[in-house]
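Engineer: For reference, the sequence and a predicted model appear below.
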Amino acid sequence: MQREPLLEQLDWFFTSQYWISVYPNTVVLPLAKKGSDHVPCVVHIGTDIPKAKIFRFENYWVDLPGFKECVTQSWERGSAKAYSSAVIADKLKGLRHELKKWHLSLARLKGLIQNCNKVIVILDTLEEERPLYREEFNFRQIVKLHLEDFLLAECNYWKKRCTIRWIKQGEDNTRFFHAMATERYKRNNIAVLHDGDGNEVTDHHAMAALLWAEYKNRMGRSEGISMQFNLHSLIKRVDGLEELTAPFLEKEMDDVVKEMPIDRAPGPDGFNGLFLKKCWHIIKKDFYKLAEDFHNGTIRLQNINGSYITLVPKKQIAIKDS
């Protein structure tokens, strides 16, 4: 046995776009080497990872009938909270619930595409037997227009999940975005972790508890800060900076929303820039009040100051939270 052996990657796995689409949860795990220099691997087709219940605003919702009415009815329902930050958090929570119910009441996007294709095929087959009546011809044209809208919505759905932004608009390919989103899911998937004793943990809830305990021990408990010096005696006053403490103008906030990117990572509430742009006329008064309270120093940021701890994979196969 060499002291410093030459290591070379000998084992490769190949897959296809069709396999990724049909079996998106396929993972390959290495096993221990016993009698060969090759690493034995086992292929799992499917996992027991539960589906995330995090709300995610879908961009194609804004073009569906009833969306604006659902947002308006939910937002104007009001809130009994005392602080403006709590009011917005409460309204966003209620809006998430209402949008979920509204979306479930609609037909599935995949089913709508299949139904449109079936109708077009039936009318095309009928046209081979006899000329279509004017009503049938117009109906087919309408179905084709609806099909284009549904296909665009499906493309945007998967495009949002693959996070690849260098594809030109004229080269959209829903199947490509589907495959890339699935590849991204598999890279971010953690199949196994090792605890402090070196034992393997594969159960999803057990791994979540392991990570939660690890970060709780690292972060500890927040303590108050005691100032040991006088800032006013160290920092001299600078004149002419009154504009920095001026109240927020409604036009300034409107301009910020107009310039906001429509499809970047949303916050913990699940809403992105497109939602704010399309529904700003409905929700803006509450945000004006939030900015006013923030300027007056009467706001409670605990209601809206939430965040996620995101695990960033540094290795292809992560087994330890380090």
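Structural biologist: Happy to help now that I have it. Numbers count the residues shown, from 1 in each chain.

Engineer: Low-confidence regions, the stretch 151-300 of the chain specifically.
Structural biologist: 156-189, 220-222, 265-266 (pLDDT under 70).

Engineer: Geometric centre of the chain: which residue is closest?
Structural biologist: For the chain, the residue nearest the mean C-alpha position is residue 56 (5.4 Å; C-alpha atoms, centre = their mean).

Engineer: Strands of the stretch 51-200 of the chain, residue ranges please.
Structural biologist: Under the criterion DSSP state E, counting those that start in this stretch, the stretch 51-200 of the chain contains strands at 193-194, 200-201.

Engineer: for these, which one ends up most surrounded?
Structural biologist: Neighbour counts (mean count of other C-beta atoms under 10 Å) averaged over each of these peak at strand 193-194, with a mean of 17. All C-beta atoms are positioned from the backbone trio N, CA, C, and that covers glycine.

Engineer: Check which helices and strands it is in contact with.
Structural biologist: If contacts are counted by 3 or more C-beta pairs under 8 Å, 6 or more residues apart in numbering; DSSP states H and E, strand 193-194 sits against strand 200-201, helix 204-219.

Engineer: Count the residues that sit near the closest residue in space to the residue nearest to the centre of the chain that isn't next to it in sequence.
Structural biologist: Excluding its sequence neighbours, the residue lying closest to residue 56 (C-beta to C-beta, 6 or more residues apart in numbering) is residue 270, at 5.3 Å. Here the number of neighbours of residue 270 (other C-beta atoms under 10 Å) works out to 16.

Engineer: and what of residue 125?
Structural biologist: 9.

Engineer: please begin residue numbering at 47 from this point
Structural biologist: Let's use 47 as the start, then, which means that last one is residue 171.

Engineer: And it, how close does it get to residue 192?
Structural biologist: According to C-beta to C-beta, to the nearest Å, residue 171 stands 19 Å off from residue 192.

Engineer: sorry, back to before: surely the residue nearest to residue 102 touches residue 142?
Structural biologist: Yes - between residue 316 and residue 142 there is a contact at 6.4 Å, judged by C-beta atoms under 8 Å.

Engineer: anything in contact with each of those two?
Structural biologist: Common neighbours of residue 316 and residue 142, using C-beta atoms under 8 Å, 6 or more residues apart in numbering, are residue 101.

Engineer: for the stretch 47-196 of the chain, what spans make up the helices?
Structural biologist: For the stretch 47-196 of the chain, applying DSSP state H, counting those that start in this stretch gives helices covering 63-68, 113-121, 130-151, 155-175, 180-208.

Engineer: Now render these as a markdown table, adding distance to residue 243.
Structural biologist: Listed next are those as a markdown table, based on distance: least, C-beta to C-beta, whole Å:
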| stretch | distance to residue 243 |
| --- | --- |
| helix 63-68 | 36 |
| helix 113-121 | 49 |
| helix 130-151 | 40 |
| helix 155-175 | 46 |
| helix 180-208 | 37 |
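
Engineer: how about these, which one is nearest residue 296?
Structural biologist: helix 130-151 (14.8 Å; C-beta to C-beta).

Engineer: Go through that closest one and flag the buried ones.
Structural biologist: Residues 130-138, 141-142, 144-145, 148 are the ones in helix 130-151 that count as buried (16 or more other C-beta atoms under 10 Å).

Engineer: outside of stretch 145-154, which residues touch it?
Structural biologist: 101, 103, 104, 107, 110, 112, 113, 116, 117, 120.
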